[in-house]
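Colleague: 3D model of this:
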Amino acid sequence: SAAVATTTNLYVDGAETEAKVYDRTKLRAGDVVPGPAIVTEMDSTTLVLPGHAATVHASGSLLIRPEAD
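Modeller: Got it, this is the predicted structure:
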């Protein structure tokens, strides 16, 4: 995706894992960001945990939900 800026390492539940870092300004309605991920913007940072996904709503909000098994 064009919104992926870089990758970084996170510690989740005591283990290190790689996460993609997304530029929030490049995400569009309907885009899905699977965790683990970090979404950055000028005034906030959003963490999407493993096993979850953030969907960009038509209003621009990020809706974070557990992924279906």
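Colleague: how about the residue nearest in space to the middle of the chain, nearest residue that isn't a chain neighbour?
Modeller: Ranked by distance to the mean C-alpha position of the chain (C-alpha atoms, centre = their mean), the top residue is residue 37 at 3.9 Å. Excluding the flanking residues, the one nearest residue 37 by C-beta to C-beta, 6 or more residues apart in numbering is residue 48, at 4.3 Å. From N, CA and C alone the C-beta is placed, and that goes for glycine too.
Colleague: pretty sure the one you found is touching residue 27, no?
Modeller: No. Applying C-beta atoms under 8 Å as the test, residue 48 and residue 27 come out as separate, 11.7 Å apart.
Colleague: where does this structure dip in pLDDT?
Modeller: Scanning the chain for pLDDT under 70 picks out 69.
Colleague: tell me where it has strands.
Modeller: With DSSP state E, the ranges of strands along the chain come out as 4-12, 15-23, 32-34, 37-41, 44-48, 52-56, 62-66.
Colleague: just give the closest residue to residue 64, not the sequence neighbours.
Modeller: Spatial nearest neighbour of residue 64, chain neighbours left out: residue 54 (4.7 Å); criterion: C-beta to C-beta, 6+ apart.
Colleague: what's across from that neighbour in the sheet?
Modeller: As for beta bridges, residue 54 partners with residue 33, residue 64 under DSSP bridges.
Colleague: list the buried residues for stretch 1-14?
Modeller: Of the residues in stretch 1-14, 3, 10 count as buried by neighbour count, 16 or more other C-beta atoms under 10 Å.
Colleague: distance from it to the middle of the chain?
Modeller: Counting by C-alpha atoms, centre = their mean, to the nearest Å, stretch 1-14 is centred 8 Å from the centre of its parent chain.
Colleague: and the contacts of that stretch?
Modeller: 16-24, 26-27, 31, 33, 36, 38, 40, 47, 49-50 (C-beta atoms under 8 Å, 6 or more residues apart in numbering).
Colleague: stretch 40-55 too?
Modeller: So stretch 40-55 is contacted by 5, 10, 12, 17, 21-25, 30-39, 62-67 (C-beta under 8 Å, 6+ apart).
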